[in-house]
Structure formats: structure tokens, C-alpha cells
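Novice: 3D model of this:
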Amino acid sequence: MTEIDCLGDMCPIPIMKLKQCDSLTRKGDQVMLVTDHSCVLESITDYCCKKNLDIKVEEPMNGIWEITVTKR
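Specialist: Modelled structure (predicted):
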């Protein structure tokens, strides 16, 4: 799984990083974005819905989110 470090990045930088990632080419491919900005959760969720991608969000530490995006 590819990990994209988005710590400190504000929107739309995380979406731009996800768009540039070439790791979501086949069904089941996954990318994890790590962010510390809650606004990124909403924008990534909207983007994934439009692109027909699955999304799973975990908060392993207070204020740090791991967003796993999976190609359907």
C-alpha cells in the first residue's frame, strides 16, 4: 500500500497528491493518506464518492487521521 504524507497540508493539496498517485490502477489497489486537518476528510470523501472509490477513515491518535482509499 502506498502512503501519502499530507501532514500540514491544507486543501486542495491532499486531493492533488491523491490525483497524482498512480497506485490506484487496478481493483483492490489501496492508498493511505495521513493528515492532521479535519477539512481534508470531507474533501477526500467527496472526491472518492465522485470517482467511485471506497474510503475508510481511522484516527489512531487524536487529531491524526489515516484515510485508506481503495479502487473498486
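Novice: so L18 versus K27, what's the distance?
Specialist: Look at L18 and K27: by C-beta to C-beta, to the nearest Å, they are 17 Å apart. All C-beta spots, glycine's among them, are computed from the backbone N, C-alpha and C.
Novice: who has more neighbours out of the two?
Specialist: Shown here are L18 and K27; by other C-beta atoms under 10 Å, L18 has more neighbours (22 against 8).
Novice: what about the more buried one, which helix or strand?
Specialist: For L18, the enclosing helix or strand under DSSP states H and E is helix 13-20.
Novice: show me what that helix is packed against.
Specialist: strand 2-5, strand 30-35, helix 38-50 (3 or more C-beta pairs under 8 Å, 6 or more residues apart in numbering; DSSP states H and E).
Novice: note down every partner strand of the second one and its orientation.
Specialist: Using DSSP bridges, strand 30-35 pairs in its sheet with strand 2-5 (parallel), strand 64-71 (antiparallel).
Novice: stretch 3-13: how far from the chain's middle?
Specialist: Mean C-alpha position of stretch 3-13 versus that of the full chain (C-alpha atoms, centre = their mean, to the nearest Å) differs by 9 Å.
Novice: my error: substitute stretch 1-12 in the last question.
Specialist: 7 Å.
Novice: got the buried residues for that stretch?
Specialist: By 16 or more other C-beta atoms under 10 Å, the buried positions in stretch 1-12 come out as I4, C6, D9.
Novice: how about stretch 32-49?
Specialist: Buried-residue list, stretch 32-49, by 16+ other C-beta under 10 Å: M32, L33, V34, T35, H37, V40, L41, S43, I44, Y47, C48.
Novice: tabulate those residues in TSV, adding columns for distance to I64.
Specialist: Listed next are these as TSV, based on distance: C-beta to C-beta, whole Å:
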residue	distance to I64
M32	12
L33	11
V34	7
T35	8
H37	10
V40	11
L41	12
S43	17
I44	15
Y47	20
C48	19
